[in-house]
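Enquirer: Provided below are the primary sequence and the corresponding predicted coordinates.
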Amino acid sequence: MRPTLACLLVVLASLVGPGCLQVEEQPFLRVVFESTNGTVVETFQDGELVERQPAVLTFDFSQTLEQADVVAYGVEVEDSTVGVDVEDGGEGLLEVTFGHHGMHEVVLYADVGGDRLTKEVIVRIELVMHWTENGTNDPLPAIVQMMPRNGGSPPVALNVESTVENPALIDNLGGGQEVEVRWSLEDETHGVCQTNRATVQDNDAVTWRTAHFSSPESHELRVAYEAGQDAVNVHHRIEVLHEAVETAPSGQQQPS
């Protein structure tokens, strides 16, 4: 068996040749992202949506572009998502705009030498609603669409901060009456999930804060008069929160 071993060593030496064995460095995907969660902010005035500020996340492919001959690169979001736009800001920076809340599956990719390099990232987008009505005797219901438009997992919590203000009829002089109001948080069958009552004195305000660990059904936040006739101002801040299971920010992304 010794001659056979000697022959194998000679063959290997002839394949390697003089010097060190050269191993070609394989390209890999380097993407830097400082955040994988954001918030969509919606503003309502007298029941009408007047502004929606989307959540924008940035993915930096510049390190991938520096170390490989990239044919194409980009971000893909699951097909059923609506309200998602991808824009190339130049120099390998991609901005992804999310118009609606939910958990999103994002695939980062780069096509290099006939191969597609990919990395999956989970993104968490939440919702904050600002609702305002001034001088009303019949506040409108604030409707919250809980189920994400992409059909993904439902949110885990609904936070409410609602203020009813009973302004003075004459500035700094009062002249009005107290108002008794009742808040109710209702599901889509109009079943009452939570409720609260308060008396709002003239030229005063009362705030109700509550958290509801909700089902995926839509909900309505209602304010109704129990007694009194003075016009009131209503201000809601409503948060739709998802489970914090998004991918951690990258810092310096490890090769993948």
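Expert: Everything's here; your move.
Enquirer: what does stretch 204-218 rub up against?
Expert: Stretch 204-218 is contacted by residues 143-147, 154-166, 181, 183, 185, 187-189, 193-194, 196, 198-200, 219 when judged by C-beta atoms under 8 Å, 6 or more residues apart in numbering. C-beta: built from backbone N, CA, C; applies to glycine.
Enquirer: Any figure for the gap between Val71 and Gly114?
Expert: Applying C-beta to C-beta, to the nearest Å, the value for Val71 to Gly114 is 8 Å.
Enquirer: Then Gln45?
Expert: Note on Gln45: its distance to Gly114, by C-beta to C-beta, is 54 Å.
Enquirer: now swap in Glu76 and tell me
Expert: Taken as C-beta to C-beta, the span from Glu76 to Gly114 is 19 Å.
Enquirer: Between the two, which has more neighbouring residues?
Expert: Taking neighbours as other C-beta atoms under 10 Å, Glu76 and Gly114 compare with Glu76 leading, 13 against 6.
Enquirer: mind checking pLDDT for that one?
Expert: On pLDDT, Glu76 comes in at 91.
Enquirer: now do Asn150
Expert: Listed pLDDT for Asn150 reads 87.
Enquirer: and it, how many residues sit next to it?
Expert: Asn150 has 22 nearby residues by other C-beta under 10 Å.
Enquirer: Name the helix or strand for Ile122, please.
Expert: Under DSSP states H and E, the secondary-structure element containing Ile122 is strand 115-136.
Enquirer: Which neighbouring elements make contact with that strand?
Expert: Under the contact definition 3 or more C-beta pairs under 8 Å, 6 or more residues apart in numbering; DSSP states H and E, strand 115-136 sits against strand 37-45, strand 93-98, strand 102-112, strand 142-144, strand 232-241.
Enquirer: Can you get me the start-to-end distance on stretch 41-55?
Expert: Stretch 41-55 has an end-to-end distance of 8 Å (criterion: C-alpha to C-alpha, to the nearest Å).
Enquirer: Which of the residues in stretch 225-241 are classified as buried?
Expert: By neighbour count on 16 or more other C-beta atoms under 10 Å, the buried set for stretch 225-241 is 228, 230-236, 238-241.
Enquirer: scratch that, stretch 119-126 is what I was asking about
Expert: Residues of stretch 119-126 classed as buried: 119, 121, 123-126 (neighbour count, 16+ other C-beta under 10 Å).
Enquirer: again with stretch 50-58
Expert: Result for stretch 50-58 [16+ other C-beta under 10 Å]: buried residues 54-55, 57.
Enquirer: So what touches that stretch?
Expert: With contacts defined as C-beta under 8 Å, 6+ apart, stretch 50-58 is touched by 33-36, 38-44, 83, 89, 93-99, 123, 125.
Enquirer: go again using 6 Å as the cut-off
Expert: 35, 38-43, 93, 95-99, 125 (C-beta atoms under 6 Å, 6 or more residues apart in numbering).
Enquirer: Generate a PyMOL selection restricted to the buried subset of those.
Expert: Listed next is the PyMOL selection for buried residues among the contacts of stretch 50-58, using 16+ other C-beta under 10 Å:
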select buried, resi 38+39+40+42+96+98+99+125
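Enquirer: Fine by me, we can end here.
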